[in-house]
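Asks: Predicted structure and sequence below. I'll ask about it afterward.
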Amino acid sequence: MRYSLRHLLIIEVEIFCPRFGGIFPETHYPRLIQTILKDGGLLTPIITRLANYYFFARGLGAVFGPYTQPSEAEYWDMWAAVRTNDGNLVLDSILQFINQRKQHRDRWVGALKATSVPLHLIYGPLDPVNPHPEFLQLYRKVLPMSTVSVLDDHISHYPQLEDPLGFLNAYMSFINSF
């Protein structure tokens with residue numbers, strides 16, 4: 001059966017609350033391993049095959065705040081998720097979002113600028129990948145109609161994991177503002 005665009009499911013978005021900060025490639029600083037893997041060089045197949053729990057946990061821990069590190073069990077759960085169906089062997093493909101962010105920056109940011117739905121960012125100010133204040137200044141300049149919740153100073157790249165209650169409160173405050 002052949003489908004046309006009129007057969008697609010239409011979803012109406014009434015609000016948008018990103019928890020990501022990396023929409024702007026100019027203020028996004030990927031980790032060294034992400035940079036190596038996203039470029040798909042000769043080292044990529046070797047690195048993905050040599051990746052192990054300890055390498056993974058150390059790299060992931062670097063983007064969590066000092067007081068919000070996952071427990072060993074949580075690290076193992078995340079590593080198990082990555083390893084499911086040999087997912088570690090396709091990390092380079094998954095990291096293509098970094099290249100796509102650069103390629104589609106104007107279109108993606110343009111869509112956010114043009115939207116009529118309320119926007120709200122929940123941000124961890126200790127984020128080394130989208131650092132404060134550089135990222136937040138650009139976000140507020142480019143998307144002045146968006147509201148922003150900045151969580152406690154020790155919250156980093158994964159605010160929904162590092163401060164679930166603070167994240168939920170910020171999200172619910174945004175929702176309840178309508």
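Replies: Nice, I can see it. Not measured: the values here are computed from a predicted model.

Asks: shaky segments in this protein?
Replies: Within the chain, the ranges that satisfy pLDDT under 70 run 1-8, 20-21.

Asks: In it, what residue spans correspond to strands?
Replies: Assigned strands in the chain, in chain order: 120-123, 147-150 (criterion: DSSP state E).

Asks: Can you tell me which of those strands is packed in deepest?
Replies: strand 120-123 (a mean of 23; mean count of other Cβ atoms under 10 Å). All C-beta atoms are positioned from the backbone trio N, CA, C, and that covers glycine.

Asks: which strands and helices sit next to that strand?
Replies: On a contact count with 3 or more Cβ pairs under 8 Å, 6 or more residues apart in numbering; DSSP states H and E, strand 120-123 meets helix 134-142, strand 147-150, helix 159-162, helix 164-176.

Asks: Parallel or antiparallel, list what pairs with that strand.
Replies: strand 147-150 (parallel) (DSSP bridges).

Asks: residues in contact with the partner strand?
Replies: 118-123, 125, 132, 136, 139-140, 170, 173-174, 177 (Cβ atoms under 8 Å, 6 or more residues apart in numbering).

Asks: most surrounded residue in those?
Replies: Ile122 (26 neighbours; other Cβ atoms under 10 Å).

Asks: how close does that one get to Thr27?
Replies: Applying Cβ to Cβ, to the nearest Å, the value for Ile122 to Thr27 is 17 Å.

Asks: just to revisit the earlier point, need the helices and strands packed on strand 120-123 in JSON lines with distance to Asp86, can you?
Replies: Output for those, formatted as JSON lines (distance: least, Cβ to Cβ, whole Å):
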{"stretch": "helix 134-142", "distance to Asp86": "33"}
{"stretch": "strand 147-150", "distance to Asp86": "38"}
{"stretch": "helix 159-162", "distance to Asp86": "24"}
{"stretch": "helix 164-176", "distance to Asp86": "30"}
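
Asks: Can you check which of these gets nearest to Ile33?
Replies: Taking Cβ to Cβ, helix 159-162 is the member of these nearest to Ile33, at 19.5 Å.

Asks: Buried ones in that closest one, by neighbour count?
Replies: Judged by neighbour count (16 or more other Cβ atoms under 10 Å), helix 159-162 contains these buried residues: Pro159, Leu161, Glu162.

Asks: Name the nearest residue to the first one, sequence neighbours excluded.
Replies: The reference is to Pro159. When the adjacent residues along the chain are set aside, Pro159 lies closest to Gly124, with 4.2 Å between them (Cβ to Cβ, 6 or more residues apart in numbering).
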